[in-house]
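A.B. asks: here is my input, please return the structure:
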Amino acid sequence: MELQIVLAILGTAGVMSAFLFALKGLLDQVPDVIRSWHRIMEEARRPHSDHGPEPEDQRRPSAGIDGSQ
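C.D. replies: Here you go, the predicted structure:
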């Protein structure tokens, strides 16, 4: 009976240790996630120019693979 109690205590301690290790790893990532979220929100709120991509006929001709135009 005593052996079962000792094993239960050791097992519980091991599970709690693994749980706390995983929780610490997760909580260590929270500040980076919050910073990224703020960056995304700032970019979404920033006014963007209404200029889309240039039409095909107004772009500069690009050189081909062999250097020809």
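A.B. asks: C-alpha from now on. contacts and neighbour counts both.
C.D. replies: Will do.
A.B. asks: may I have the secondary structure class of residue 47?
C.D. replies: Secondary structure, DSSP: H, G, I helix; E, B strand; the rest coil: residue 47 is coil.
A.B. asks: what is the burial count for it?
C.D. replies: By other C-alpha atoms under 10 Å, 8 other residues sit near residue 47.
A.B. asks: for it, give me the pLDDT.
C.D. replies: pLDDT, the model's per-residue confidence, is 84 for residue 47.
A.B. asks: measure residue 41 to residue 32 for me?
C.D. replies: Distance from residue 41 to residue 32, counting by C-alpha to C-alpha, to the nearest Å: 14 Å.
A.B. asks: so where's this protein uncertain?
C.D. replies: Scanning the chain for pLDDT under 70 picks out 49-69.
A.B. asks: now with 80, please.
C.D. replies: 48-69 (pLDDT under 80).
A.B. asks: show me the strands in it, by range?
C.D. replies: Chain-ordered strands for the chain, with DSSP state E as the definition, do not occur.
A.B. asks: could you pull out the helices for it?
C.D. replies: 2-45 (DSSP state H).
A.B. asks: what's the neighbour count on residue 23?
C.D. replies: The local packing of residue 23 (other C-alpha under 10 Å) involves 11 other residues.
A.B. asks: state the distance from it to residue 30.
C.D. replies: The span separating residue 23 from residue 30 equals 11 Å under the rule C-alpha to C-alpha.
A.B. asks: check residue 38 too.
C.D. replies: Residue 38 sits 12 Å away from residue 30, going by C-alpha to C-alpha.
A.B. asks: repeat that for residue 43.
C.D. replies: Taking C-alpha to C-alpha, one finds residue 43 at 20 Å from residue 30.
A.B. asks: one more: residue 40?
C.D. replies: As judged by C-alpha to C-alpha, residue 40 and residue 30 stand 15 Å apart.
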